[in-house]
Every structure is written in structure tokens, then in C-alpha cells.
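Asks: How does the following fold in three dimensions:
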Amino acid sequence: MASNDKIISTKALVTTALFGVISYLIMFIEINLPFMPYFLKLDLSDIPALLAGFSHGPLMGVAVVFLKNFFHVFSTATMGIGELTNFLVSGSYVVVASYLFYKRKFSLNSSLFVGMAIMTISAVVINLMVVIPLYETVLDLPLSKTIEMVGEINPLVNGLASYIAFVLIPFNLIKGIVLFFAMMMVFPKIQSYKYLWR
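Replies: Next up, the predicted model:
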């Protein structure tokens, strides 16, 4: 039994490290969405984290999210604030979806859907309580300047409430939907690799 546990543990660690590197590399393949500010970019780097979480549990999933942001912080332009934001927001998605699928045996669809909802709510809360204050104090970027800059891209934005309603919520919903369909395509294939799966 001890030997079997060691094999499973080693497999989980190897998978996590592998997916962490892949996730980091995927972060560089990103796109800007219409009417979204330049600092909100869509990528698929959460896919490896979800796969690790679904195959080895939420702890391994969030470890992948941590690894990709740890590596990325060395090339950051936001003094780590962007990476912290990504870790907290993506981490909330990966932990919830992985927990529901791995521990509670929810379906793939339900796990991803609930994870998407939690990620969207978390993005709003984290921005209000962590990100905006850090941008103001660390980067000396007042919220009014951010709103003004975003308003030039998205004319619907003229204050904090509209920033949340027309930027943060839509962006994270779009991200969640893209990840949902990407996982629906990738997940069945990854299950065929027995070494990576549980």
C-alpha cells in the first residue's frame, strides 16, 4: 500500500510539474478581446491546471496555477500584481471545478459551469479588495485613471459600477465559456493517457 501511495504521489508531482511548465508557456499565447483593456487578455493557460486538478485533485490544480504565475513573475510589467490576480481568480476557478469533479463526482459540465460562476464572482471581489488598491498604492495608478483609460476603449465604462458590469463580468464569463468548450474537447483525449490520469 505504501509503495502504491508513493507511485501515485510521484505521478501527481510529475504531472503537476509538467502541466505547470505547459501552462506557463501557454500564457504567452494570448489575445485581446474587443472593448476590453489591454491588461485583460484571454489565454488557455488554465486548461493544464484544470486537467491536473481533475486527474489528481484540487491541490495539484492550484499548484499548476501557482507555478505558471511564479515563472511569469520574472517577466512581469506589473510588479507581480497581474500574477497575483491571475493566481487568485484562476485559482478560485480551478479549485472549485476540480473539487466538484474529483471529490464530489459532479459531471464535467456541472463542475466547469459552477467554477465559471465562482471565478466571475471572485474576479469582482478580488479586484475591489486587492487589485485596485494595489494598483493605486504600488503602481501609483488611481482608479479614476484606469476608468478613463478603459472608457476610451469601451464607451460604456464611465465609473466603477460600469467597469464591473461591462468589463470584469463579461471578460470572465467569456473566459469561462472558452475554457468550458476547450475542456470539452481536450478532456476526453487526456483520459486515454493512463500515466497522467489518477
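
Asks: From here on, just use CA atoms for contacts and neighbour counts.
Replies: Fine.

Asks: So which elements touch the longest helix belonging to the chain?
Replies: If you go by DSSP state H, the chain has its longest helix at helix 2-26. Secondary-structure packing of helix 2-26 (3 or more C-alpha pairs under 8 Å, 6 or more residues apart in numbering; DSSP states H and E): helix 46-56, helix 58-72.

Asks: Please identify the deepest-packed of these.
Replies: helix 46-56 (a mean of 27; mean count of other C-alpha atoms under 10 Å).

Asks: Report all helices and strands that it contacts.
Replies: helix 2-26, helix 58-72, helix 81-98, helix 169-190.

Asks: For L42, give me its contacts.
Replies: E30, I31, N32, L33, K175 (C-alpha atoms under 8 Å, 6 or more residues apart in numbering).

Asks: Can you say which of these are buried?
Replies: Burial by neighbour count, 16 or more other C-alpha atoms under 10 Å: within the contacts of L42 this picks out K175.

Asks: and of the contacts of L42, the nearest to V94?
Replies: K175 (12.9 Å; C-alpha to C-alpha).

Asks: pLDDT value on the closest residue to the closest one other than its chain neighbours, please?
Replies: Closest residue in space to K175, ignoring its immediate chain neighbours: L42 at 6.6 Å, by C-alpha to C-alpha, 6 or more residues apart in numbering. Note for L42: predicted pLDDT of 96.
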